[in-house]
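Participant: Predicted coordinates and the sequence they were generated for:
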Amino acid sequence: MRSTASGEPAGNLSAMVDEPDAIESAPIKLVIADDHAIVRSGLRMLLDAEPDFEVAAEAGDVQSALHYVRAHRPRVLILDLNMPGEPSLPAIGRFSEASPETRIVVLTMQSDPAFAREALRAGALGYVLKEAADAELVEAVRLAAQDRTYLHPELGAKLAAAPPEPQGPPDDLTQREVEVLRLIALGHTNSEIAGQLYLSVRTVESHRAHIQQKLRLSTRAELVRYSLDNKLVDL
């Protein structure tokens, strides 16, 4: 085999040169779960049109969706709440157990805030109504892939408009930490929280680290569930 001046085989050098070109950002792999074939077809067309999305599979019920989630380990599962057979809402936790790296975006006709509350508590990161614009679903999927929360604007407005007053901050959280936690649960980034509370991003990051340390929670989904369970935010 021909060698380079450094003594490395030329074939290895070629592989090293080609490697960066082969390393590109992986697409966001998706699984669609909806019992209506025509809806799945429309969703696939919408999502496949995005250059960084890849629809790996479609399912028409919870059991099929579980199978494809285990097989493909998608970054995001788009889940309809009204499918025949096993109910979707109680199965959200099973999807998370089957593939912990998979984030769940609920796409549904259910506009009752109670369903959104339960979906978030169960571990979903997105809640989109089927009546919404296509762009809203695309945004929800992108945010979920980044471990960020998305709620349909009307539901988010209800949640933000009148958060209940807690009986003192839980788990030794300061009042400022509760404010930061509420905004995290609503899906805001550190920079957005900093702007709303007139703090520096570094200060927000420090508050967030203290919150996670006190609550022994590490992911945004866990913080959302904690906020809902402790009525720091509500729908």
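Facilitator: Thanks, I have the structure now. All of these numbers come straight from a predicted model, not from anything done at the bench.
Participant: mind checking how far the residue positioned nearest the centre of the chain is from V128?
Facilitator: Central residue of the chain (CA atoms, centre = their mean): A144, 2.4 Å from the mean position. Using CB to CB, to the nearest Å, A144 is found at 10 Å from V128. In this view, the C-beta of every residue, glycine as well, is placed from N, C-alpha and C.
Participant: Spit out the residues that contact these two alike.
Facilitator: Taking CB atoms under 8 Å, 6 or more residues apart in numbering as the contact rule, A144 and V128 both touch 105, 150.
Participant: could you dump the top helix by length along the chain to CSV, C-alpha only?
Facilitator: In the chain, with assignment by DSSP state H, the single longest helix is helix 201-215. Taking C-alpha atoms only, helix 201-215 is exported to CSV below (Å, rounded to 0.1, in the frame of the first residue of the first chain):
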residue,chain,number,x,y,z
VAL,A,201,-28.7,35.3,30.7
ARG,A,202,-26.0,34.3,33.1
THR,A,203,-28.3,35.0,36.0
VAL,A,204,-31.1,33.0,34.5
GLU,A,205,-28.7,30.1,33.9
SER,A,206,-27.7,30.3,37.5
HIS,A,207,-31.3,30.3,38.7
ARG,A,208,-32.1,27.3,36.4
ALA,A,209,-29.1,25.3,37.8
HIS,A,210,-30.3,26.0,41.4
ILE,A,211,-33.8,24.9,40.5
GLN,A,212,-32.6,21.7,38.9
GLN,A,213,-30.4,21.0,41.9
LYS,A,214,-33.1,21.6,44.5
LEU,A,215,-35.7,19.6,42.6
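Participant: got a list of contacts for that helix?
Facilitator: For helix 201-215, the external contacting residues (CB under 8 Å, 6+ apart) are 171-173, 176-177, 180-181, 184, 190-191, 193-194, 197, 199, 217-218, 222-223, 226.
Participant: ok, now with 7 Å
Facilitator: 171-173, 176-177, 180-181, 184, 190-191, 193-194, 218, 226 (CB atoms under 7 Å, 6 or more residues apart in numbering).
Participant: And it, what's buried?
Facilitator: 203-204, 207-208, 210-212, 215 (16 or more other CB atoms under 10 Å).
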